[in-house]
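Asks: Please find the sequence and the predicted model below.
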Amino acid sequence: SCPYVTATNEQLDVPHILEPDVQQLLNANQPNETASKSHHPWTHKPDCFHTTSTKVAKTKYCVYNYNRVKGQPITIITTPNTATNIIESETLDEEPIEIFISRKQQDDWLEGEVKPAYEIVDMEGKDKGVVATRKIKKYETFMIDTVLVASDLDLDKAVIRAKRAEELALGVDRLPDPSVVRSLSARAGKKKAKKEENADKDAKADGEGKESDIEEAVGELEMRVMRTNAFGIQAQGVGMKGLFPEVSRINHACNPNAFVMFSPSGLSVGIKSYREIQPGEEITISYLLLGQKSTDRQAGLRKWGFKCSCDLCSSPPSVLAASDERRVRISSSENSLVDLWKVGQVQSAIRLAEEIVDLMKEEELESMLTDEYVILARLHLLLEEKNKAEEYAELAVEELKNLGFLGVDEREWDDWNLEKLLKTFGEAAAAMRKAEQ
Ligand SMILES: C[S@@+](CC[C@H](N)C(=O)[O-])C[C@H]1O[C@@H](n2cnc3c(N)ncnc32)[C@H](O)[C@@H]1O
């Protein structure tokens, strides 16, 4: 299988370099002839419905259920075309473990040599969260998860809410264990607790308190779970909301200790640590692009419907202000750097890039450094300082390896040199090309 993975919460535009390989992988598989004869390979007859909004083109959507050969089942709500693309690419049966961890690690995992790294626990003010049960090494991939419910983003505009809720509920019903989804709802948990409390009271006061148990409309609970716990994914180029049973329990932090990598199909994810994590420490990822200042982060998280209480956001005002100042300086310096480059002030651009590197380190934004290293390599090349350029290229490649962007096969790491790096990379290279024009 394809060893490459991509990430969303990085600044680098890695998917670009990966595209040819991913394409190869997808084209290698022949269309499934039997798919049209019955509802095979789906486990149930797809339940289809149409656009209700007059503002968008009339489109057919269906609820598809599939029991994987390996791994967990999946519900997909999308157009027949997208569903066919997904099933024909055979990505539904990809082996996430082969994508995210090396052969050696796989053997250790399968032989039970690697202890489970985390557990899901109650978390003050955040319902549940994930904490480490052992030391997690820096850059270790310690969690692998596969999407259980995937729902086309276009549905939101195309179909009225009640219909979406009804179809979502049907899709969840058709899973072998619908409670995996339903138990993700914070309110479901509370409602259950309340019910038990009331049952107690009932026993004592003969039926009192029953009125507090108001029934919800069909699918409301599932809609809430998708809103709170699902993440954005891309499957066959289509934007979807994806519900990953375990990853969905990881809370957000603005300075997280872990991050998400997506498999080429977008349907599996690996969670990898940015730094060493101690037993008992909460595992966090960022729901946002890294590097933003606090007001922008809070605005971004409002869409998720919560106010962030992570360590950085709860730090004293002076600490938060200092962090914001550094972050604002990083982004304004990045702009100035491009301007300096444009007018050929290479020395000044280098000084600015070095300053950005220092600021990113101070802000513990090491995962954003690759771009800066690529820029520094290019700038030094302009001054014909080949050795310096190669030094920075090595730093960039090291960072990419650590973050998992170069895949898990160590044999493929060696041919990453300055030339290949500059040819293939990425957002930094594109920005520079623009500046050079
Ligand atoms: C993807 S879920 C994470 C798991 C969730 N705590 C649970 O028990 O299902 C996202 C929700 O967790 C809570 N949450 C996550 N990160 C948070 C943070 N930094 N501060 C406050 N609440 C947070 C919010 O309620 C948010 O809507």
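Replies: Received, thanks.

Asks: Could you pick out the longest helix of the protein?
Replies: The residue-count maximum for a helix in the chain (DSSP state H) belongs to helix 317-342.

Asks: in that one, what's buried?
Replies: For helix 317-342, burial by neighbour count (16 or more other CB atoms under 10 Å) applies to 320, 323, 324, 326, 327, 330, 334, 337, 340, 341. C-beta here means a position set from N, CA and C on the backbone, and glycine is covered the same way.

Asks: now the strands: where do they sit in the stretch 201-350 of the chain?
Replies: Here the stretch 201-350 of the chain has its strands, by DSSP state E, counting those that start in this stretch, at 231-235, 238-243, 251-252, 258-262, 268-273, 284-285.

Asks: Averaged pLDDT, stretch 395-405. What do you get?
Replies: Averaging pLDDT along stretch 395-405 yields 89.

Asks: returning to that earlier point: in TSV: the strands of the stretch 201-350 of the chain, plus mean neighbour count.
Replies: Listed next are the strands of the stretch 201-350 of the chain as TSV, based on neighbours: other CB atoms under 10 Å:
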stretch	mean neighbour count
strand 231-235	19
strand 238-243	22
strand 251-252	20
strand 258-262	23
strand 268-273	24
strand 284-285	22
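
Asks: Residue 55: which of those is closest?
Replies: strand 238-243 (18.3 Å; CB to CB).

Asks: Could you tell me which strands sit next to the closest one in the sheet, and their orientation?
Replies: strand 149-152 (antiparallel), strand 231-235 (antiparallel) (DSSP bridges).

Asks: how about that strand, does it reach the ligand?
Replies: No - using CB under 6 Å from any ligand atom, strand 238-243 never reaches the ligand; the gap is at least 9.5 Å.

Asks: ok, and what's touching that strand?
Replies: Residues outside strand 238-243 that contact it (CB atoms under 8 Å, 6 or more residues apart in numbering): 78, 82, 147-154, 181, 184, 225-226, 229-235, 266-267.

Asks: Mind giving me the PyMOL select for the residues you listed, buried ones only?
Replies: The following PyMOL line selects those of these that are buried, judged by 16+ other CB under 10 Å:
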select buried, resi 78+82+147+148+149+150+151+152+154+181+184+225+226+229+230+231+233+234+235+266+267
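
Asks: related to what we said a few turns ago, reformat the strands of the stretch 201-350 of the chain into TSV and put distance to residue 424 and mean pLDDT next to each item.
Replies: Formatted as TSV, the strands of the stretch 201-350 of the chain follow (distance: least, CB to CB, whole Å; pLDDT from 0 to 100):
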stretch	distance to residue 424	mean pLDDT
strand 231-235	20	93
strand 238-243	25	96
strand 251-252	31	96
strand 258-262	18	94
strand 268-273	21	95
strand 284-285	26	96
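
Asks: Dump the ones you listed to CSV, plus distance to residue 416.
Replies: Below are those laid out as CSV (distance: least, CB to CB, whole Å):
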stretch, distance to residue 416
strand 231-235, 25
strand 238-243, 30
strand 251-252, 32
strand 258-262, 18
strand 268-273, 19
strand 284-285, 26
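
Asks: Please, which helix or strand holds residue 399?
Replies: helix 386-403 (DSSP states H and E).

Asks: can I have that helix written out in CSV, keeping just the CAs?
Replies: Written as CSV, here are the backbone C-alpha positions of helix 386-403 (Å, rounded to 0.1, in the frame of the first residue of the first chain):
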residue,chain,number,x,y,z
LYS,A,386,25.6,26.0,-1.4
ASN,A,387,26.7,24.6,1.9
LYS,A,388,24.4,26.8,3.9
ALA,A,389,21.6,25.9,1.6
GLU,A,390,22.2,22.2,2.1
GLU,A,391,22.4,22.6,5.8
TYR,A,392,18.9,24.2,5.8
ALA,A,393,17.6,21.5,3.4
GLU,A,394,18.8,18.9,5.8
LEU,A,395,17.0,20.6,8.7
ALA,A,396,13.8,20.7,6.5
VAL,A,397,14.1,17.0,5.6
GLU,A,398,14.7,16.0,9.2
GLU,A,399,11.6,17.9,10.2
LEU,A,400,9.5,16.3,7.4
LYS,A,401,10.7,12.8,8.4
ASN,A,402,9.9,13.4,12.1
LEU,A,403,6.4,14.6,11.2
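
Asks: Just the buried residues of that helix, please?
Replies: Residues 388-397, 399-400, 402-403 are the ones in helix 386-403 that count as buried (16+ other CB under 10 Å).

Asks: for stretch 90-99, same thing?
Replies: 90, 91, 92, 94, 96, 97, 99.

Asks: Report the entries of the contacts of strand 238-243 that also contact the ligand.
Replies: Checking the contacts of strand 238-243 against the ligand (CB under 6 Å from any ligand atom), the matches are 184, 229.

Asks: What segments of the stretch 1-150 of the chain are helices?
Replies: 15-27, 80-88, 96-100, 103-110 (DSSP state H, counting those that start in this stretch).

Asks: Just give me the lowest mean pLDDT stretch among the ones you listed.
Replies: Minimum mean pLDDT among the helices of the stretch 1-150 of the chain: helix 15-27, a mean of 33.

Asks: picking that back up, distance to residue 216 for the buried residues of stretch 90-99 - can I get that in CSV?
Replies: CSV is the format used below for the buried residues of stretch 90-99 (distance: CB to CB, whole Å):
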residue, distance to residue 216
90, 38
91, 34
92, 31
94, 36
96, 34
97, 38
99, 38
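
Asks: Farthest-apart pair in those, please.
Replies: 90 and 97 (16.4 Å).

Asks: Now do the same contact list for residue 251.
Replies: Neighbours of residue 251 in contact, by CB under 8 Å, 6+ apart: 123, 126, 129, 130, 282, 284, 310.

Asks: Select only the buried ones of these in PyMOL?
Replies: To isolate in PyMOL the members of the contacts of residue 251 that are buried, counting by 16+ other CB under 10 Å, one can use:
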select buried, resi 129+130+282+284+310
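
Asks: Same list, the contacts of residue 251, but only the ones touching the ligand.
Replies: 126, 129, 310.

Asks: quick one: the second one and residue 281 touch, right?
Replies: Translated: residue 129. No - counting by CB atoms under 8 Å, residue 129 does not reach residue 281; the two are 10.8 Å apart.

Asks: Quick check: the gap between the residue most central in space within the chain and the ligand.
Replies: In the chain, the centroid-proximal residue (CA atoms, centre = their mean) is residue 260; its distance is 4.5 Å. Here residue 260 is placed at a distance of 11 Å from the ligand (CB to the nearest ligand atom, to the nearest Å).

Asks: residue contacts, the residue nearest to that residue when sequence neighbours are not counted?
Replies: In space, residue 260 comes closest to residue 269 once its chain neighbours are excluded; the distance is 5.2 Å by CB to CB, 6 or more residues apart in numbering. Counting by CB under 8 Å, 6+ apart, residue 269 touches 96, 144, 145, 146, 244, 247, 260, 261, 262, 263.
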